[in-house]
Structure formats: C-alpha cells, structure tokens
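Asker: A structural model of the following input is requested.
(3 chains)
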Amino acid sequence: MDFIIQNILNALQWGSFYALIALGYTLVYGVLTLINFAHGDIFMVGAYIAFFVASWLLGPVIGLDPTWTFVLAIPITMFLTAGVGVTLERIAYRPLRRKGAHRLYVVITALMCGLILEYGNLACLGASRKKFPDLLEKVIWHFGDVAVTNLKVLVIFAAIAVFIFLNFIVTKTKIGMAMRGISYDKFAIPLMGIPIDAIIVFTFILGSSFAGLAGLLFAMSYPVLEPFMGALIGWKAFIAAVVGGIGDIRGAFYGGFLLGFIEVGVVSIFPSTYRDLFAFSILLIILWMKPTGLFGVAKNTKI
Amino acid sequence: MSLLNIDGLTQRFGGLQAVSEFSVDMKGGELMGLIGPNGAGKTTIFNLISGFYQPTEGTISLNGKPTAGLKPHQVTSMGVARTFQNIRLWHDMTVLDNIRISQHYRMGYSVWDSFLRTKKYIRCEKAIETIAYDLLEAMSLKEFAEELPKNLPYGLQRRVEIARAMSIKPHLLLLDEPAAGLNSSDVEDLIKLIRWIHENFDITIFMIEHQMKVVTSLCQWIKVIDFGATIAEGTAEDIQSNPAVIKAYLGDDNI
Amino acid sequence: MKDKTLQIVLALSCIFLIAMAQFGMIGNYIQAVFMFVGINIIMSTSLNLVNGNMGEFSCGHAAFMCVGAYVSSVLSVLFFGKTLGDPLLPSYMAVFIFPIIILIGGVVAAIAGIIVALPSFKTRGDYLAIITIAVNYIIISAIENMSFIGGSRGFQGMKDTVWAMLDIFNGPWMLMWVTVFTIFTVWIIRRFVSSTYGKGINAICQDEVAAEIMSVNTDKMKLVNFMLSSGLAGIAGGLFAHIVGYVNPQSFNILKSTEAMVMVYLGGMGSLSGAVLAAILFTGLMEVLRSQALIEFILSPVTFVFPEWEPSAGVIKWVLIPLILVLLMQFRPEGIMGNKELSDWFPKLKKYYKFK
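Answerer: Predicted coordinates for the structure are as follows:
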C-alpha cells in the first residue's frame, strides 16, 4: 500500500512538470495553431536563468539567505524567461506570420530555434553540468512508510495553481476571450478592434513564464542542469498536451498528469528501460481510439 | 426500375433531427429540384446520398442496390457525382489534372504499373487523357486546360467543377446550389449548361437551388423541405402557390 | 536524342564519379560525403512524399530508417558476418545478395509504416504529427530493449559484407550501391507522383473531401504513400548502416528526423527537385561547417574579445545551421523551390529530358 502511495506521489510530481510545460504548448497552440517546438528548450533556458539568478542572489554581491532567494528567484526567473519567449516570437515567428508563410514553416523555424538554444547554451557554457544550489531547507514528512518532501508538495500545488489561474484567464477574462477568438478566425479578430499582436505576445509571456517556473522547480528537485534537459521532457510534454486534446487548458493539465502516472506506473512494474516504450505505446493507443485527444473537439469540415 | 430510391431517410446529430422521413423515387432522365430555407437539411441529404454520413434510419438505393455502409468513393464509382456549395476544386492543380484525378474510379492499373510504366499503364493514361480532353472540349473549357482553377473567374470555376463531376460519367448528378454567387448573366449560362447536359448525356439531375429562376426553368418536379421534413412537392406552379411553402420561406405574418 | 540529354549527362557523371573513386582520384572522405549526399537525397525525397505531396506532418521519418538499418544489418551479419554465428552463405554471393538485403530492409520498413498509415485514416494534421513522434520513440525504445541485437550499445559487423564484396573485386562498392539506390529512389518517386494514380495524393493534400467524392480511395492512397515513403527510408537506413558499419538506436532519434524535415521544407513542400537540391545543400553545409579552422575563422571576432572561449566545430555547427535556416526562412518562407520543380523555373530544361 505504501509503495502505491509513494508511487502516486512521484507520479503527481512528474505529472506536474509535464503539465506545467504542456500548458505552455497548449496556450500557444490554442491561439496560433503553432506547435512551438522551442518550448521545451525555453524550459531549459528557464532552469539556467533560475540557476544564475539564484547564484547571483546568494553570491557575495547581494548575499541573501536561501529562503529570500527562493522568493525573489520566482518572479525574476519568470520575467526573464518570458523575455526569451517573447524575443523568439518577435524575431522568428512574427515576420513569418506577417509574410503569410505556410504554418509548417513556422513550426520548422520553432524547431530550429530550439536547436539554437540547446547548442548555443552548450557553446557558451560548455558541457560541464551545473549544480543548482539548495534553496529550501528539505523537510520530510513521514506518514507510515511514505515520505513526502516539502518540495514535492510545492511542485504539485504550483501546477494546480497555475492550471486554475490559466483556466480563469482563458475562460473568464476579456483577454482570454480574445485569445480564444484568434484561434477561430485570425482575420476577423483585428476587425473587431482587438490588437492581435499584443494578444499573441501576452500568450507567449504566459506560456514562457510558466515554463520558467517549471524550470526553477525542476532545477530544485533535480539539481543537475545540462543543455539537453529540455528536449526529451519537452517532446513528452507536447505529446501529453496532444493526448489531452491540444488547444484545451484542461487537456494539457490532465494529459500531463496522465503521462506522469503512466511513466511511473511502468517503471514500478517493468525495468526502467521500458519506460518510453510503454508510455508512448499507451499514448499511441489512446490517440488511436480517440483521435482528437481526451478533451479535443473534432473539427468537422463543413461539406 | 428507379435510379435513386430513398425511403424513410432520417438523420440525427445528437439531439438534432437534421432529416426526417425523407423519401424520393427518381427515374432515369428526371431533373428534380430540392428547395427549402437555410438549414433545412438539404445538403445533409446530399451528404447522405454520397456516403459521407451513414443514415440513422432509412435506406438509399441506386439502381436497386443499397448503398448502406459504402464509402463515398465507392458510391461515386456506382455513378453518383456531385458538386459542392462552395467550390471544392483542387486549386493548385491544373484544370486538366483536376479532371484526370477524378478518373481514379476507372484506374485500370496498380501502383506497380505506375513504377514500371507497363503497357497497361500507358494504355490507361492515354485513355484518361483522351476522356479529359474530350470532356473539356465538349464543355468549352479546352483553352483553360493548363490553367490553375484559382486563377479563373468564379463562373468558370463552377463550370470546371461541373465538368469534373461529369468526368465520372455519372448516372446521377447532384448539384449543390450551382448558381450560388453567380451574377445574372452567369446564371443564364448555367441554366443553358445544365439543360444541355441533361439533354445530351442522358443523365439524371438532382439539384439544390435557392434561385427560383433556375429551379422553375429547369426542374420538372420540386420537393420542398423545412426542418428536415418534406412540406410540399409538385411542379413549379404548384409549389409557388402552396401556402406551406410560402409560410416556410416568408413566415406566418405574410399570409 | 536531345530529349535524353539530361539522363545521359546524369549517367555519365555517376560513372565518372565511380571511376574517379576506383582510380583513387578522390579520397575516402570525399567518397563518404558523396554517399551521405545520396542517403540524404533518399531521405528527403521520400519524406517529401508525405510532408510535401500529401501535406501531412510526419516528424518521425528516422524511425523507418532505423527499422531498415537494423533489418538489413542483421540479415547481412547473418549471411556474411561472424558476429551472430557462422555465415550462412558463401562470401562470393555477397554482390548479388547485398541489394536484396537492402530491399528487404526497405520492405520491412514499409510494413512498419503501416503503424503510421492506419491512424492517418481517421486523423490528420497535428495529431498525426504526434503519432509519428511517438512511433519514432517507440521504435527506438523497442530496439534499445532487444539485447540480442545489442540494445542500446548498438550493433556492428556489417563491414564483413562490404569486405566480402571487396574480396571479389576491389572497387568502391558502397559508393556504387548508394548511387544506384539514389537514382532508383528518385526515379520511382518521379514516376509515382507524375502518374494520375500518384496525383491522387496531391488531391488529398488540397481537399480530402473533394478527393473522396471524386472517387479517390483516400485510405488506400494514404496507405500506399506511407508505405512507399517509409520503405524508401528503410533503404536509406540499410545503406547508412553498411557505410558506417555500426548502428545505434540513438543515431535515428528525433534529431535525425528533424534533419530530414529540414531538407524537405528547405527545398519547398512537394517539389522533388527541391528536395534533391536541399539534400545536397544541407549535406554540403554540414560537412563544410565540420572544419574547425573555418569555425574559428568565422568566430574570430568573438574569440578576440573573449580569448578564453574555445568554440568546438561540432557544437557551433548546430548553432550556425539552424541560424542559417531561420534566416533563409525569413527571406524565402516557401523554401528554395516553393512547390515548383526545376523545369518550372527554367522551362528550357524541358527540352533536354523526357521522363516518361
């Protein structure tokens, strides 16, 4: 029993990371129908930004104590990572969009931007791995044989809070309504007096800043940073977003947790080398049976 | 024997009854019209005939053969061609290619023949090309054979779409609002074209149309539906004076 | 005769290339570059069938390359190698059996392509993209868990077959086979997409509903197209395995698929000559940027400011290539050729070849 509860907690933690990244994918997709393949790497950049921000705050110049560093690192990391996302949108995607390029060319550009971020990082910082400093004092609660760290709880709560926040923005606010509107008709939206570029920038700010948050939390949980850490987790989160039904906030959230549960479930039964094989096969079967994902709505082409 | 027999056709989308108890019996060589207000379920009936939807209830049979469970391309191979409300040509391929690709139903060769360019392949391709050019000639579209449809004026695009449907050599031609978006001189041409097709190709035509001029000058028999149900049928004169039809189109107050 | 000029020029230059290799006028490195150009041409033209002509977005093309590579490697080692027991066939048969091994690899890859083709009946667009990514991961992961063919350590021993061929006649066998299979691929694809049958794929791309209603059997066309595309990728994989002499599941990961995708979109969606040109350009660029001297020259202003920074060509290459591509996309957002062929840009070319 304890074994199961422990695994459920692990699954929730992994699911939270997937969900946080998947939310960013789905936000951008929901607005632009653009698969922002650079998003996993924005997450990686977020982790590195968190590392530098934390080192700087802890360092000799400022010299804060770890708790204050953690509190300050969250907004700074989110802000700077949002800057990276917006820069990508501004210099790579927007000119293509203006020229009316085929959607897939924008996707390829996104892939290329991801590669630039990965290898640019490798070139600038070298292959040496970075060790993230301890910010929160580790507290372990014991319930029987189940051990819960405060960090794990924090990660899970962060994912849920972000989901509730984004769901509120998209469904209840005017700007969220504009975001949903763009996904239906890109041409009618400017005619309604909505500044389309501003909305898109806002979407990128939201998505990237939460990728930054995910990066910070991930770096705190698994404190070794390397330039390719975002690639695999990014692809997986994207798949999770699609299985949930891409473009739908709920879909990304539940898809992320679903993937977390599948992976941890597979690893707890089979050797860990089978993780990807089983996880992807299960997702493939889900997509096969429900081609538009769990929450996706089939777009009926009018005949 | 009747060419198209529809009996008790009903289609539900969730709670919405798009078509209810629609029945029709068309003999070879007829030209029938289907009219009704927007959203009455006309196009749904066409989609059911051409196999895009499977009916909830009722049967459709062509030349006595039921079409239940057939895919659209199989229905097409049985001799049913159709056009679309909003023109659906392959806009980035030439008019000639548009016609040629529509010959897939009579494709006499397999993918291996296309690799090896066997005698069979050459024979089939030649036959397809002859058919395509003959048809374009007959429809007076030959000069546009190498044009892309997207560069043609709207009226010509309609004509190309009808030509593409004709290339199937159909027994039954379904025209979904052929006059939509055409100006009055184009409509005159269209009426002439449809009449000419009907007379020259021994073809049965079932058309949806909103412009009464087209319907009254072409159709021998008209069916009117509203909210999926058939409310009237008869000749053009009968329909125009039918109170139920006037009510459906204009509302209660005008009676 | 005039309408055969292009074919004759092409054939002569291939013979010339092989002859130069035979008489030692071009070194092993240049030969390898030519072979990789060939393999990349196969990869880009075959992916172009799906991503260009059919307008789907397949991101897992390397998976089929992987299947082809492993199947043909295992067969090759079984028949002529010593890693998995004694060779089953005498070594003098290598010359005849080798192309068959490669083709079998292609056939098995084509069968693997069904995994992607079947979901494509029901879904398309981004959902299919995901399925292809998942298939890429599944196939790599499955092979990593097969310990009898090396698992994640990789598999080798295919060089035995190449050496068996060299024992019969000492010549540039692999270069010849790559040339033959590259021409075979382009020839088959050209014939397929120019036939009325194959044009059904373009019809599906432009309007699937209209294609279905105009009697194109869309499901069958998709199946044929996916199988053809993945089968050709399998051939590329088999050749790749025999050139390198070593395969590892991770050499067919998403990065490899990305390379194939980049070549397709660089060339222009749906343009066969664009795909060929892009493959040549891309491979050339990859090889040129491998030179450490060139990278140091390009980055000399930066290293002048930061003297302690030591860029390595292997890393900088992967920054520069995406950067070049991103810039290229900004200037030509439809790829080098758009959806046109070379003969559409230079109509005079049509006089010099007849491709029927």
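Asker: Just grab the bridge partners of the residue of the stretch 101-250 of chain B at minimum distance from chain A for me.
Answerer: Residue of the stretch 101-250 of chain B nearest chain A, by CB to the nearest CB: B:D176 (8.9 Å). In short, each C-beta sits where N, CA and C put it, glycine included. Partner residues in beta bridges with B:D176: B:I208, with DSSP bridges as the criterion.
Asker: what's the pLDDT at it?
Answerer: In the predicted model, B:D176 carries a pLDDT score of 91.
Asker: pretty sure it is touching B:Q85, no?
Answerer: Yes. In this structure, B:D176 sits in contact with B:Q85. The criterion is CB atoms under 8 Å, and the distance is 4.8 Å.
Asker: overlap in contacts of these two?
Answerer: Common neighbours of B:D176 and B:Q85, counting by CB atoms under 8 Å, 6 or more residues apart in numbering or on different chains, are B:T43, B:I208.
Asker: Mind checking which of these two has more residues around it?
Answerer: Of the pair B:D176 and B:Q85, B:D176 is the one with more neighbours under other CB atoms under 10 Å in any protein chain shown, namely 22 against 17.
Asker: picking up where we left off before, from B:K142, how far out is the residue of the stretch 101-250 of chain B closest to chain A?
Answerer: B:D176 sits 26 Å away from B:K142, going by CB to CB, to the nearest Å.
Asker: Same question for A:F228.
Answerer: From A:F228 over to B:K142 (counting by CB to CB), the distance is 60 Å.
Asker: And the helix or strand containing A:I42, what's buried?
Answerer: Using DSSP states H and E, A:I42 sits in helix A:39-58. Judged by neighbour count (16 or more other CB atoms under 10 Å in any protein chain shown), helix A:39-58 contains these buried residues: A:39-54, A:57-58.
Asker: helices and strands around the next helix or strand after it, which ones?
Answerer: For helix A:39-58, the following helix or strand on the C-terminal side (DSSP H and E) is helix A:66-88. Applying 3 or more CB pairs under 8 Å, 6 or more residues apart in numbering or on different chains; DSSP states H and E, we find helix A:66-88 packed against helix A:39-58, helix A:196-221.
Asker: Relative to the whole chain's centre, how far out is the first one?
Answerer: For helix A:39-58, the gap between its own C-alpha mean and the chain's C-alpha mean amounts to 14 Å (CA atoms, centre = their mean, to the nearest Å).
Asker: and if you look at the longest one?
Answerer: Relative to the chain's own centre, helix A:196-221 is displaced by 7 Å; criterion: CA atoms, centre = their mean.
Asker: so that helix versus helix A:39-58, what angle?
Answerer: In terms of direction (axes from the mean of the first three to the mean of the last three CA atoms, to 10 degrees), helix A:196-221 departs from helix A:39-58 by 60 degrees.
Asker: In chain B, what residue comes closest to chain C?
Answerer: Proximity of chain B to chain C (CB to the nearest CB) peaks at B:Y105, 3.5 Å away.
Asker: Near the nearest residue to that residue once chain neighbours are set aside, how many other residues are there?
Answerer: In space, and not counting its chain neighbours, B:Y105 is closest to C:S215: 3.5 Å by CB to CB, 6 or more residues apart in numbering or on different chains. As a burial measure, C:S215 scores 25 neighbours (other CB under 10 Å).
Asker: OK, contacts around C:S215?
Answerer: Residues counted as contacts of C:S215 (CB under 8 Å, 6+ apart) are B:H73, B:T76, B:S77, B:S102, B:Q103, B:H104, B:Y105, B:I168.
Asker: Surely the first one touches B:M107?
Answerer: The reference is to B:H73. No. The pair B:H73 and B:M107 fails to qualify as a contact (CB under 8 Å) at a distance of 11.1 Å.
Asker: near chain C, which residues of the stretch 151-255 of chain B?
Answerer: When proximity is defined as CB under 8 Å from any CB of the partner chain, the stretch 151-255 of chain B approaches chain C at B:R164, B:A165, B:I168.
Asker: Can you tell me which of those has the lowest confidence score?
Answerer: Taking these together, the minimum pLDDT is found at B:I168 (89).
Asker: That residue: neighbouring residues, count only.
Answerer: For B:I168, the tally of surrounding residues (other CB under 10 Å) stands at 25.
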